[in-house]
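Enquirer: coords please:
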Amino acid sequence: MPKIVVQVGDDEYPVELDPRSAPETVTAILEALPFRSTAKTWGDEIYFDTPVDAAPENAVPTVQKGDVAFWPSGNCLCLFYGKTPMSESEDVIVPASPVNPVGSMVDWQGIAKHRAGEPVEVRQAD
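Expert: This is a model prediction of the structure:
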């Protein structure tokens with residue numbers, strides 16, 4: 001499985017991409033690397049703009065903690081670590097609209113400390 005690193009502020013979060021659910025989206029993300037953006041938050045989700053333009057591809061209406069997904073409506077990559085404003089519980093996390101599942105964070109502990117406006121860099125893992 002391909003691996004990338006999402007750096008938010010000074011902290012790095014390894015991500016294992018899984019092309020089985022959204023192969024075209026994963027390929028587009030890999031082809032766009034490296035890129036920089038600015039963190040935004042929505043509940044317990046960090047998301048950020050990308051240079052990727054991908055259509056819905058096996059999009060799902062719910063995700064779990066640690067999931068990484070592409071939001072086609074906003075051309076954003078989303079890192080989920082808890083409830084969004086649309087979620088009713090920590091067990092069923094609801095994005096703003098369906099997202100393309102692209103992978104998961106290897107270790108997402110500590111990501112909650114980050115805030116909107118922080119720099120984000122996405123690059124291929126070493």
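Enquirer: Okay, strands next: where are they in the chain?
Expert: Counting by DSSP state E, the chain has strands at residues 3-8, 11-17, 35-38, 40-41, 45-49, 67-71, 76-80, 100-105, 119-124.
Enquirer: Of those strands, which stretch is the most buried?
Expert: Counting by mean count of other Cβ atoms under 10 Å, strand 76-80 has the highest mean neighbour count of the strands of the chain, with a mean of 25. Quick note: C-beta positions are derived from backbone N, CA and C, even for glycine.
Enquirer: So for the chain, which residue is the most central one in space?
Expert: Cys78 (2.8 Å; Cα atoms, centre = their mean).
Enquirer: Quick check: closest non-adjacent residue to that residue.
Expert: By the measure of Cβ to Cβ, 6 or more residues apart in numbering, the closest residue to Cys78 outside its immediate chain neighbours is Tyr47, 4.3 Å from it.
Enquirer: among the strands of the chain, which is nearest Lys113?
Expert: Among those, the nearest to Lys113 by Cβ to Cβ is strand 11-17 (8.2 Å).
Enquirer: averaged over its residues, what pLDDT does the closest one have?
Expert: Averaging pLDDT along strand 11-17 yields 97.
Enquirer: re earlier: so who does the residue nearest to the centre of the chain touch?
Expert: Cys78 makes contacts with 45-47, 68-71, 95, 99, as judged by Cβ atoms under 8 Å, 6 or more residues apart in numbering.
Enquirer: now do Gly43
Expert: 82-85, 87.
Enquirer: if I pick the nearest residue to it once chain neighbours are set aside, what's in contact with it?
Expert: Leaving aside its chain neighbours, Gly43 sits nearest to Thr84 (3.9 Å; criterion: Cβ to Cβ, 6+ apart). Thr84 makes contacts with 42-45, 93-96, as judged by Cβ under 8 Å, 6+ apart.
Enquirer: Kindly recompute the last result at 10 Å.
Expert: Thr84 makes contact with 41-45, 47, 63, 78, 93-96, according to Cβ atoms under 10 Å, 6 or more residues apart in numbering.
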